[in-house]
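Student: Below are the sequence and a predicted model; questions follow.
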Amino acid sequence: MHDATNTSPVRSIGLDCPRQSKIVPGARSTRCWGPLAEGEGWKGGATNASPAATPLHPSPSASGPPPRSGEVLGSLYPDDIAARLAGTPEQRATTLRALAEAGVADAQALLGQLLLDGNGIAKDEPAALGWFTRAAAQHHLMAINMVGRCYDLGWGTAPDKARAAACYRIAAERGLDWGMYNYATLLALGAGVAEDKPAALVWFRKAAARGNAKAINFVGSFHEDGWVVARDVKAAAYCYARAAQGGDFRGAFNHARMLGAAGKIEEAIHWLRRAGETATPAFVAKASAWLAAADLPAFRRRGVQALQQGAGLC
């Protein structure tokens with residue numbers, strides 16, 4: 001069982017994931033995965049000032065309707081803005097649009113994500129790319145990465161792997177772990193750039209050093225498959241365990257494989273269930289087929305069941 005992005009289905013690079021490397025507000029960082037969390041307010045970005053850092057004037061209350069698009073926001077306290085962003089998806093979208101139109105790069109990037117997902121606003125991938133591009137023009141690193149994602153996967157534009165690689169490289173060289181991961185992925189595939197697995201491993205390791213779980217999983221793949229480095233299953237198993245604990249579903253699956261091979265069946269079943277909880281449907285289908293044909297009897301029956309239970313399929 002193989003896929004087009006890797007020689008091994010269970011260690012696939014991950015370009016089949018429909019919304020990889022997405023923007024979510026995080027504590028002093030712009031992280032990845034998932035839409036804006038319910039009730040989560042503004043907490044700033046990795047490289048740009050949050051609205052709280054913008055000159056704002058007193059307002060008597062943080063309550064009231066969200067500002068209309070184009071409304072002057074200078075009369076709002078930082079807490080006012082946070083309260084509005086903690087409202088319904090529609091309120092957040094309206095507030096972010098007002099902030100984006102006022103030139104706040106973080107808001108432009110986040111509005112692009114909402115448009116990409118159709119979260120609180122009508123889905124519009126070309127408009128999402130437009131807002132990512134405007135934020136990228138202000139040197140917003142995640143926005144630069146997201147422009148790359150749009151060109152990589154054809155979100156709102158024709159796919160252009162070379163332009164995607166150029167965006168990823170800029171974000172990577174400026175220190176964004178997801179830029180590093182995505183650029184390394186294209187280097188490993190030879191997509192948009194010449195294939196260069198040694199350079200890919202360098203970038204995966206840099207992203208891994210910043211705690212990127214998907215990159216840690218991929219470093220494990222290099223060790224398991226003997227790409228660039230000598231084959232080292234123990235090193236691979238260590239990386240997979242770290243990736244699993246960091247929340248990567250492929251890392252969880254690979255960790256389960258290693259545990260099964262070591263005879264730790266119950267632990268393996270646990271991690272297969274965890275993998276299913278966040279895996280894409282395409283990965284669940286592919287991994288289920290691999291498990292159904294596995295040498296371990298426990299994987300063929302209980303493993304498939306655990307993975308699919310985690311995915312909510314049974």
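Tutor: Arrived safely.
Student: rest of the way, CA atoms for contacts and neighbours
Tutor: OK.
Student: Show me what the helix or strand hosting Leu201 is packed up against.
Tutor: Secondary structure assigned from DSSP states H and E places Leu201 in helix 197-209. Applying 3 or more Cα pairs under 8 Å, 6 or more residues apart in numbering; DSSP states H and E, one finds that helix 197-209 makes contact with helix 177-189, helix 213-225.
Student: After the last one, which helix or strand is next?
Tutor: Read it as helix 213-225. helix 233-245.
Student: Please point out which parts of that next one sit buried.
Tutor: 233, 236-237, 239-244 (16 or more other Cα atoms under 10 Å).
Student: what do you get for stretch 182-201?
Tutor: Those would be 182-189, 191-193, 195, 197-198, 200-201, for stretch 182-201 by 16+ other Cα under 10 Å.
Student: pull the helix or strand with minimum mean pLDDT from the chain.
Tutor: Every helix and strand of the chain was ranked by mean pLDDT, DSSP states H and E. The lowest is strand 29-31, at a mean of 30.
Student: Any figure for the gap between the closest residue to Gly303 other than its chain neighbours and Ala199?
Tutor: Leaving aside its sequence neighbours, Gly303 sits nearest to Ile269 (Cα to Cα, 6 or more residues apart in numbering; 5.8 Å). The gap separating Ile269 from Ala199 is 35 Å, by Cα to Cα, to the nearest Å.
Student: With Asn254 instead?
Tutor: 23 Å.
Student: How about Val219?
Tutor: According to Cα to Cα, Val219 and Ala199 sit 12 Å apart.
Student: Compare the helices and strands packed on helix 197-209 and give me the one nearest Gly310.
Tutor: helix 213-225 (19.3 Å; Cα to Cα).
Student: and the angle for the closest one with helix 177-189?
Tutor: Going by axes from the mean of the first three to the mean of the last three Cα atoms, to 10 degrees, helix 213-225 is angled at 30 degrees with respect to helix 177-189.
Student: what does helix 213-225 contact?
Tutor: Helix 213-225 has contacts (Cα atoms under 8 Å, 6 or more residues apart in numbering) with 11, 13, 181, 201, 204-205, 207-208, 227-233, 235-240, 242-244, 246-248, 250-251.
Student: count of neighbours near Asn246?
Tutor: For residue 246 the amino acid is Gly, not Asn. Around Gly246 there are 17 other residues, counting by other Cα atoms under 10 Å.
Student: coming back round to it: ok, the residue nearest to Gly303 touching Gln305?
Tutor: No - using Cα atoms under 8 Å, Ile269 is not in contact with Gln305, being 9.1 Å away.
Student: Low-confidence stretches in this structure?
Tutor: Counting by pLDDT under 70, the ranges of the chain that qualify are 1-77.
Student: go again using 80 as the cut-off
Tutor: 1-81, 84 (pLDDT under 80).
Student: what are the ranges of the strands in it?
Tutor: Using DSSP state E, the strands of the chain run over 24-26, 29-31.
Student: List the contacts of the helix holding Leu201.
Tutor: 176-178, 180-181, 183-185, 187-188, 214-216, 218-219, 222, 227-228.
Student: Narrow those to just the buried residues.
Tutor: Using 16+ other Cα under 10 Å, the buried ones in those are 176-178, 180-181, 183-185, 187-188, 214-216, 218-219, 222.
Student: between these, which is nearest Glu90?
Tutor: Of these, the one sitting nearest to Glu90 (Cα to Cα) turns out to be Trp178, at 27.9 Å.
Student: separation between the closest one and Ala262?
Tutor: In terms of Cα to Cα, Trp178 sits 32 Å off from Ala262.
Student: Could you pull up the residues touching Gly118?
Tutor: Asp124.
Student: what about it, distance to Thr94?
Tutor: The gap separating Gly118 from Thr94 is 13 Å, by Cα to Cα.
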